[in-house]
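**Student:** structure, please.
(chains A and B)
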Amino acid sequence: MALRLYEEPKLDNTVLIACWPGIGNIGIMAVDILRKAVGAEELGEIEPWDFFYPQKVLVRDGELEDLQFPSNKFYFKKTEEKDLMFFIGEEQPTDGTRTYAEGTKAYKMANLVLDMALKFGCRKVYTSGAAVAPIHHTTRSRVWVVPNSEDLMDEVKSYQNTVLMSDIEGRGGQGKITGLNGLLLGVAKRRGLEAVCVMGEIPIYIHNFPITYPKGSKSVLEVLSTALGIEVPMDEINALVQQSERDIESVYERLPSEIKEQLDKLKYVAYTRPSEPGPITEEDKKKILQEIDRLFKKEPGGD
Amino acid sequence: MSEEQSFELFVTPELENSSLVVAWDQDAGRVGPKVADYLNEDLESEEFAEIKPESFFSLSGVSVEDDIAQFPESKFYWCRGKNLVVFKSAIPRCDWYEFLNLVLDIAEKYCKVKEIYTVGGMVSPGAHTTPRMLLSVANSAEVKQMLKHYDLISDMNYESPNGQRPTLSSFLLWAARRRNIDGVSLWVPVPFYLLTSEDPLACKKVTEFFDKRFDLNIDFAGIDDEISRQHMEISRLRSQVPELDSYMSKLESNLGLTVDESEKLVKELEEWLRGGH
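**Tutor:** Got it, this is the predicted structure:
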């Protein structure tokens, strides 16, 4: 298992933004747009074969030309205030049966990413993913933020359009972030690095579909842009949001009216504290969530 | 995990510059495992090592196939006097690169392997009566050149479609190249309606190659009997079910079948062969 460097830039006061695919590809879409927006250059990679089964084989004239694996690449960008390092994993390493990484391989990969980060003077880590929430697709996604240290609470509370686990009713500040986007937070803590996971909301009735959810990505991008002090052009993500809204709406319109009526009530559900008095009662809200739960047999949570 | 913990060595084989034949249990027309069995039986091979399953297979229970409980096995055999090693294994569920490296470690350390051949069946739209060809993919130009005098189709171009992962044999070939071990994947077409059954004609084609390549003097009488028996069974089905006969005739004339026709042929032939008519 090895790290391969393409070059060795001198980086200082570095912030790592790391991401792997997850629900709706919310985090990875946001991080990739951010990476492109700042014009980050390739820095290195984690050799993939210990972690992944190959994706593609190329045979030319009877000879095995190449075997392609999921990429695990690092990028960097020097800026005036702080230098940026990105890590984007094309897949989460699994045992072949699960979607999200866990166990020894996940732990090894998380440590390799942090080895690289520390080698280049990293001080802080951001990861990103999705938060499955009882929201409607026409509403703006908020961003669940989870820091790995009490010291970061003031910072994360200062971000706009965010919620903490303790803001979510019934959770008591508890929760779980599945896969490497979550695990990296823990491994960073173990190695003395500050880290924050930012998760864009995705409606509970969409999260099982194999589609991206750019609206959640946009909210993540806004938070990361603030946290890093970088102005990111929103044209690309806005176009993706518009296209995705049209696609979702065309499917939504074809849903049976009784299901649509139930889902429409999510426009008025406030599942976080503090909440303004809404147009529906607590009893209504409970019934809607029970109905949604019955329809989709899923609990809200993060990835 | 250390090498010592990952496998058991029962006997140290007496081999020098040997060749390794690799067959995976889950294969179209059971070509790989059948070829491994033919070689092991005919050459009276001896089992000498086994990779332990716990690191590479899900052991949360057992799978049942054809009413029989199965358990994953990864065993090495050697053919005394022929400088040939056979590795027959289930396909690991995880840690593929570690598994393949372990295979190569054993092959290099205990067998002094100089070349590796993987065996596999590939889906064909053709009929079972069509003469089989043998396709090869080499992991270097030198190996390809070395095999040019054999009856192989060795100019294949292929790119796996998006979403379809490469075979473990391709992965092994690639891993072997990283160690400068010559490797060849052998692929034989298997008619689509024999994928879940057996295809002795395809097996014979591969075994004939090994017979020539390693000068094995294989007795093909047993394989020929299997081929005759299967062809006879299929002929009886064709005579009893004219519709299926017409489908196979189409295939023999290089004509395609509709999806419904193909599905019917697969279903009825599988039932017929399973029923042991």
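**Student:** the nearest residue to residue B:39 once chain neighbours are set aside and residue B:107, how far apart?
**Tutor:** Excluding the flanking residues, the one nearest residue B:39 by CB to CB, 6 or more residues apart in numbering or on different chains is residue B:86, at 5.5 Å. In this view, the C-beta of every residue, glycine as well, is placed from N, C-alpha and C. Plainly put, residue B:86 is 11 Å away from residue B:107 if you go by CB to CB, to the nearest Å.
**Student:** which residues are common contacts for those two?
**Tutor:** Common neighbours of residue B:86 and residue B:107 (criterion: CB atoms under 8 Å, 6 or more residues apart in numbering or on different chains): residue B:20.
**Student:** now do the SS call for residue A:258.
**Tutor:** helix (DSSP: H, G, I helix; E, B strand; the rest coil).
**Student:** quick one on the thing from earlier: may I have the phi/psi pair for the residue nearest to residue B:39?
**Tutor:** With angles defined as degrees, to the nearest 10, residue B:86 sits at phi -120, psi 130.
**Student:** ok, it - contacts?
**Tutor:** B:20-21, B:23, B:36, B:39-40, B:45, B:76-79.
**Student:** and it, bridged to which residues?
**Tutor:** residue B:21, residue B:77 (DSSP bridges).
**Student:** report pLDDT for it.
**Tutor:** Note for residue B:86: predicted pLDDT of 98.
**Student:** and it, how far is that from residue B:58?
**Tutor:** For residue B:86 relative to residue B:58 (CB to CB), the value is 25 Å.
**Student:** again, but for residue A:55
**Tutor:** In terms of CB to CB, residue A:55 sits 22 Å off from residue B:58.
**Student:** who's more crowded, these two?
**Tutor:** Legend: neighbour count by other CB atoms under 10 Å in any protein chain shown for residue A:55 and residue B:58, higher for residue A:55 (19 against 14).
**Student:** for chain A, see how far away residue B:212 is.
**Tutor:** Distance from residue B:212 to chain A, counting by CB to the nearest CB, to the nearest Å: 19 Å.
**Student:** geometric centre of the chain: which residue is closest?
**Tutor:** As the question left the chain open, I've gone with chain A. Closest to where the C-alpha atoms of chain A average out (CA atoms, centre = their mean) is residue A:129, at 1.7 Å.
**Student:** let me rephrase: I mean chain B.
**Tutor:** Taking CA atoms, centre = their mean, chain B has its central residue at residue B:32, 1.7 Å away.
**Student:** for that residue, helix, strand, or coil?
**Tutor:** Assignment for residue B:32 (three-state DSSP): helix.
**Student:** now it, nearest residue through space, not along the chain?
**Tutor:** Using CB to CB, 6+ apart, the closest residue to residue B:32 is residue B:23 (3.4 Å).
**Student:** hmm, residue B:217 is touching residue B:211, no?
**Tutor:** Yes - between residue B:217 and residue B:211 there is a contact at 7.2 Å, judged by CB atoms under 8 Å.
**Student:** that older thread, wouldn't the residue nearest to the centre of chain A be in contact with residue A:175 here?
**Tutor:** No - look at residue A:129 against residue A:175 with CB under 8 Å: they stay out of range, at 11.8 Å.
**Student:** can you find the helix or strand in chain B with the smallest mean pLDDT?
**Tutor:** Here the helix or strand of chain B ranked lowest by mean pLDDT, DSSP states H and E is helix B:3-6, holding a mean of 68.
**Student:** and after it, which helix or strand comes next?
**Tutor:** Under the assignment DSSP states H and E, the closest C-terminal helix or strand after helix B:3-6 is strand B:7-9.
**Student:** list the helices and strands that next one packs on?
**Tutor:** Under the contact criterion of 3 or more CB pairs under 8 Å, 6 or more residues apart in numbering or on different chains; DSSP states H and E, strand B:7-9 touches strand B:46-51, helix B:96-111.
**Student:** hmm, the longest one in reach of chain A?
**Tutor:** It stands for helix B:96-111. Yes - residues of helix B:96-111 contacting chain A under CB under 8 Å from any CB of the partner chain: B:96-98.
**Student:** and the buried ones among these, selectable in PyMOL?
**Tutor:** In PyMOL syntax, the buried subset of these is picked out as below (16 or more other CB atoms under 10 Å in any protein chain shown):
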select buried, chain B and resi 96+97
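**Student:** what residue ranges in chain B score low on pLDDT?
**Tutor:** B:1-4, B:276-277 (pLDDT under 70).
**Student:** mind listing what the nearest residue to residue A:151 once chain neighbours are set aside touches?
**Tutor:** Distances taken as CB to CB, 6+ apart place residue A:194 nearest to residue A:151, at 6.9 Å, with adjacent residues excluded. By CB under 8 Å, 6+ apart, the contact list for residue A:194 reads A:123-125, A:147-149, A:151-152, A:188.
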